[in-house]
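Engineer: Predicted model follows, preceded by the sequence.
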Amino acid sequence: MRSNATQRSQRLPALGRRAFLKASGGGLLLAAAGPALLSACGSGGGSQEAWEGPISMLGWDFQPDMIKQLVADWSAESGHEVDVAILPNVGYSAAIQTRLRGGDKIDLFYNFAYNSRKFVEEGWASTLNDLPGIDDLVADLFESSRERHVTPEGDIISVPYFSAVHTLHYNERMLQEAGLSAPPTTLQETYEQSKAIADAGLVSSPYVAYWVKEFCEEYLHTYLLAEGITAFDDDGNPVFADDPKTEGVFEWWQTMYREGLAPASVLNDDPGKLSNEMAQGNAAFFVLHHYFLTSIRDLAGPESENVLLAPVTAQNHTLQIGEVLQMGANDNEEARAAIWELMKYYGWKDGEGRYSVFTEWAKAAGLAAPYPGFFTDPDVVEAFPDYYDLSQLSQIFDTGSKVVPARTSAWYPDFQAKVGDVVHALLLGEITPKDTVAQLADAATSAQGSGGL
Amino acid sequence: MTVSSPAAPASRPRPVRNSRGGRRRRPLVTVVIYLGAVVFALWVLLPVWYLLVSSLITPAQLGVRPFPMVPSSITLDNYVSLLTGSTGGDAFGSTDVGARLVPAIGQSFLVSTVLVVLNLLLAGIAGYALSRYPFRGSRTFELTIIASRVVPAIAIVGPFFVAFRVLELLDTPWALIISYNVFTLPLAIMVLKNYFDQLPHEIEEAASIDGAGRLRALAVVVLPIAKPGIVASGVLIFLEAWSEFFYSLVLTNQLTVPPLLVGFQSVQQFNWNSLAAATVLAMIPPVLLVLAFQRHVVSALAAGYDK
C-alpha cells in the first residue's frame, strides 16, 4: 500500500527547474484562466477504460496510523493498492466538498452522516444498491440504524464508519452521598438530582454537556427523544413544533443553564475539558456519546472509577449517531468491485467474518458499530474495558435509540447550522422556550425551502 | 525698559527635564504607563504561559481547579512522545502525529522561506515603483491591492484547487507557495511602498548626480537603508505563511503545521496536553526568526515615529 499522506510529507519536492516551471506555469495559468478552469472541472470518474487502481481513500485524523495499518492489511490480502489521505476532522466537510467540486477523484471517503444524501444528490457519491452482499450488510444492521444508511426511497447510500449513542455518564458516589439510589430516568429527574447534588454541596454545577453551538443540534434531538418526541416526520416536516411537550423540553434546558446547574462555561467547553471535569469530580452528570467513558476512565482522576453509564432517560429514546463511509462516483465496474470489497472490510466484516476494523476502534476509543453481532463478538467483548456494560449498550442501540432519518437529508446541514444560535439564545435567556420552538421550526422550513447549503 | 524680576522664575514652576533635555514625566504618570505595559504584557503572555504549562503537565493535572499556573511537578512526556513518534496512549486522537510533526515543520519552513524570498523580490520592485513612479490611477491600484486581502479564502480556493489538480501540484509546497501570494503579496507591497515613501528622495538624486543609474541607485543606496523595512516585511510574510490553515487544509494532506495541529482535535478524542506540546514545538522557528531580526522589525515599525 502507498500511503500518500506519509510519503508526500516525507518527500521534499526539489525546487528544481521542472518543478519551478510547473509552478510558474500554474501561477500564470491560474491568473489568466481561473474562471475557465472552473468550468472545465470534471468529475474525474466514470472511465470505462481498464482500471489499474490504486483506490483513493480519504479519512479524517483519528488514529491515522491505525487507518493505514488496517488498509495495508487489506491491501496485502486483496492485492489492491490504496492511496490513503488524511485530513483533520475540523474543516473536513469544507475541504472534501471543495475537492470533489474541483473534480478530485476519491473512491472511498469518510463522511458525516448529515452530508451523505447531499453527496449522492451532487453526484459525488454513488448508491450501493446492486453491489453483491449489500442486502446482507443492511440486514445485519440494527433496525434502528438502517435509516441512516438507506434513504426513504430505498437507496443504500453508505455503510457505517462507527456509531455511538448519547448516554448519561454519572458519578455513582456523588449520587449516593446525595441520597439518590439510581440515576435519573427523566429530564425532570435529571433536574431534581442535579439540584440535590448541588444543594448537598458536592459540586456547584453538577451537569455538563457539550453545548457548543456546533453540537447543540445533537442535544436538540437527544432531549426531544428523551421526552418521546421525534423532531421530524418521514417527509422531513418539523413536527416537534406541534408537540406540546417540546416547549417543556426547552424550558428544562433553559432552567438547567439559567439556574447554574450547568456551568456558565459549558457553552464553550470542549469534550476533553468536560471529561476531565467528571474525572476530577467537578461534575456529576455528563451527557455525550457513550465512548467518552473511555476518556474519563483513562484520565485516571480521583473520581474516574466512580463514573458509570446509564441511558439519558429510561422511558423513551436517545439519539444514535454515526458517521459513514461512502463510495465515490466511479462507473468502472472493476473499480467499484474493488472499492466495495474495501468498504465491506472497513465498514462491516473482514474476509473471515470478524468485525476486525471495528474491534480496533473499540480498543482505541470505545467506538461501536451498529450491528447486533458486534456486541457479542468475542474479540469485541475483549476489546472493550470491563467498565462498559455491553448488553446495556447493545440494548440502547437496539430499542433505546433513534437515528432521526431527516438528519441525512440534503437540506439538513442548513438547518443544523442554525440550531446553535437559537439554542444559545435560549440558554442565555434572550428568547423564550416558545420563541425557540418557532425559530427552530422556521429554520427547518427555510432550510427545506432553500434545498440546503 | 523691562526689568526682569528675580522672583518671576521662582513663581512659575519650571518643567522638570531629564538628562536628555526632554520633559520628565510625573512619577504617577510613569507608574500608570508601566502598569499598563505590565497588564498588556500579561494579557499577551498569559495564554502562552498557559500553553507552555499545559505541555509540561499530565491530563489529570490539567483538569485540576484552579489551573496550576505554577505546576508542582512537570513532565516532558508530552514532548518525548511527540518527538519519538509514539503518542500511542489511548487518549491521543492522532497517534502518529509525532512522526509527522517534524516533517510538517520542515515543510512549513520551506513554504514560508521561499514565499519570503519571492515576495520580497516582487513586492520590493512593486512597492518601489508605486512609491517613486506614481501614475494616473496608482492610488486606486493600491486600494485594489489592499482590497484583495479581504477576499475570504473559501471563495477562491476552488479555482486554485482545479488549477493545481490539472498541473498535478496538489499536496506539494508549490501549491501553497503560489496560493499564499493572494494574501502575502499585497501585505508586502503595502508595507514596502509605505517604507519607500519615507526614504528621502535626495539620496537617490545625489547618487544620480554621482553617475548611478536607477537600478544601481536602488541596489547600492536604497536597499541598504531600506533594510529594516524589507526585513520587517519578510518577517510578516513568514508569520502569515507559517500560520495559514485553510489553503493548506484544502490543497494538501496536512503538509504543513496548522492542519496537522488541528488534527489533534477529533470528535472522538481530544488531548490538550499533546496539542500544547506540539504547538510549543511549532512556535519555535517563528519565535527564533523574530528574535533574530527583532532589531530590524522594531526599527521598521518605529520608522516615521519622529517625523
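Structural biologist: Great, that's in hand. Predicted, not measured: the structure shown is a model, and the values here were computed from it.

Engineer: What ranges does the chain have for its strands?
Structural biologist: Picking chain A for this. A:55-60, A:82-87, A:108-111, A:125-126, A:159-171, A:207-209, A:285-289, A:307-311, A:318-328, A:401-402 (DSSP state E).

Engineer: In CSV: these, plus mean pLDDT, mean neighbour count and distance to chain B.
Structural biologist: In short, each C-beta sits where N, CA and C put it, glycine included. What follows is these, written out as CSV (pLDDT from 0 to 100; neighbours: other CB atoms under 10 Å in any protein chain shown; distance: least, CB to the nearest CB, whole Å):
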stretch, mean pLDDT, mean neighbour count, distance to chain B
strand A:55-60, 96, 25, 7
strand A:82-87, 95, 25, 4
strand A:108-111, 98, 24, 11
strand A:125-126, 96, 24, 19
strand A:159-171, 97, 26, 8
strand A:207-209, 98, 26, 12
strand A:285-289, 97, 25, 8
strand A:307-311, 97, 22, 13
strand A:318-328, 97, 25, 8
strand A:401-402, 96, 24, 18
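
Engineer: and A:Q97, which of these is closest to it?
Structural biologist: With CB to CB, the closest approach to A:Q97 among the strands of chain A belongs to strand A:108-111: 10.1 Å.

Engineer: what's the closest one in contact with?
Structural biologist: A:55-60, A:92, A:96, A:119, A:125, A:158, A:161, A:323-328, A:339, A:342-343, A:346 (CB atoms under 8 Å, 6 or more residues apart in numbering or on different chains).

Engineer: roughly how far out does that strand sit from the chain middle?
Structural biologist: Averaging C-alpha positions (CA atoms, centre = their mean, to the nearest Å) puts strand A:108-111 12 Å from its chain's average.

Engineer: Over to stretch A:264-279?
Structural biologist: 19 Å.

Engineer: which parts of it are buried?
Structural biologist: A:266-267, A:269, A:271-279 (16 or more other CB atoms under 10 Å in any protein chain shown).

Engineer: That one near chain B anywhere?
Structural biologist: Yes - remark: stretch A:264-279 sits within contact range of chain B at A:270-273, A:276-277, A:279, by CB under 8 Å from any CB of the partner chain.

Engineer: Just the residues you listed: which are in helices?
Structural biologist: A:271-273, A:276-277, A:279 (DSSP state H).

Engineer: Could you dump those residues into CSV with pLDDT added?
Structural biologist: Putting these into CSV (pLDDT from 0 to 100) gives the following:
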residue, pLDDT
A:P271, 90
A:G272, 86
A:K273, 88
A:N276, 90
A:E277, 93
A:A279, 94
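
Engineer: of all of the stretch 1-150 of chain B, which residue lies closest to chain A?
Structural biologist: In the stretch 1-150 of chain B, no residue comes nearer to chain A than B:G63, which is 3.1 Å away by CB to the nearest CB.

Engineer: Was I right to think that residue contacts A:Q280?
Structural biologist: Yes - if you go by CB atoms under 8 Å, B:G63 and A:Q280 touch, sitting 4.4 Å apart.

Engineer: Would you mind confirming that B:S138 makes contact with B:R132?
Structural biologist: No - taking contacts as CB under 8 Å, B:S138 lies outside contact range of B:R132: 10.8 Å.

Engineer: Apart from its chain neighbours, what residue comes closest to A:W252?
Structural biologist: Sequence neighbours aside, A:L187 is the residue nearest to A:W252 in space, at 4.9 Å (criterion: CB to CB, 6 or more residues apart in numbering or on different chains).

Engineer: Downstream of the least confident helix or strand in chain B by mean pLDDT, the next helix or strand is which one?
Structural biologist: Within chain B, no helix or strand scores below helix B:7-11, which has a mean of 46 by mean pLDDT, DSSP states H and E. Downstream of helix B:7-11, the first helix or strand assigned by DSSP states H and E is helix B:27-55.

Engineer: Can you spell out which helices and strands pack onto that following helix?
Structural biologist: Applying 3 or more CB pairs under 8 Å, 6 or more residues apart in numbering or on different chains; DSSP states H and E, one finds that helix B:27-55 contacts helix B:272-292.

Engineer: Pick out whichever of B:G63 and A:Q280 has more residues nearby.
Structural biologist: B:G63 (24 against 21; other CB atoms under 10 Å in any protein chain shown).

Engineer: gap between the helix or strand harbouring B:V162 and the chain center?
Structural biologist: Remark: B:V162 resides in helix B:153-166, with elements defined by DSSP H and E. Offset of helix B:153-166 from its chain centre (CA atoms, centre = their mean): 25 Å.

Engineer: Could you confirm whether the next helix or strand after it reaches chain A?
Structural biologist: Remark: after helix B:153-166, the chain's next helix or strand is helix B:173-198, criterion DSSP H and E. Yes - applying CB under 8 Å from any CB, one finds helix B:173-198 in contact with chain A at B:173-175, B:177-178, B:181.

Engineer: wait, which of those is closest to A:W253?
Structural biologist: Comparing those against A:W253 with CB to CB places B:A175 closest, at 45.2 Å.

Engineer: Could you list the residues of the stretch 201-350 of chain A in contact with chain B?
Structural biologist: Residues of the stretch 201-350 of chain A lying near chain B (CB under 8 Å from any CB): A:270-273, A:276-277, A:279-280, A:282, A:289, A:291, A:294-295, A:298-301, A:323.

Engineer: give me the low-pLDDT residue ranges for the chain?
Structural biologist: Since no chain was named, I'll use chain A. Low-confidence segments of chain A, defined by pLDDT under 70, are located at A:1-49, A:451-453.

Engineer: I was thinking of chain B, sorry if that wasn't clear
Structural biologist: Applying pLDDT under 70 to chain B flags residues B:1-23, B:85-98, B:266-269, B:300-307.

Engineer: Select the longest helix from it.
Structural biologist: helix B:97-132.

Engineer: Heading C-terminal from that one, find the next helix or strand.
Structural biologist: In N-to-C order, the element after helix B:97-132 by DSSP H and E is helix B:138-147.

Engineer: Which residues does that following helix contact?
Structural biologist: B:130, B:186, B:189-190, B:193.

Engineer: would you list those residues in TSV and tack on distance to A:I67 and neighbour count?
Structural biologist: Putting these into TSV (distance: CB to CB, whole Å; neighbours: other CB atoms under 10 Å in any protein chain shown) gives the following:
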residue	distance to A:I67	neighbour count
B:L130	50	23
B:P186	39	21
B:I189	43	25
B:M190	44	19
B:K193	48	22
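
Engineer: Closest one to chain A out of the residues you listed, please.
Structural biologist: Taking CB to the nearest CB as the measure, chain A lies nearest B:P186 of the contacts of helix B:138-147, at 14.4 Å.

Engineer: contact partners of stretch A:237-251?
Structural biologist: Contacts with stretch A:237-251, where a contact means CB under 8 Å, 6+ apart, come from A:187, A:223-224, A:226-233, A:426, A:433-434, A:436-438, A:440-441, A:444-445.
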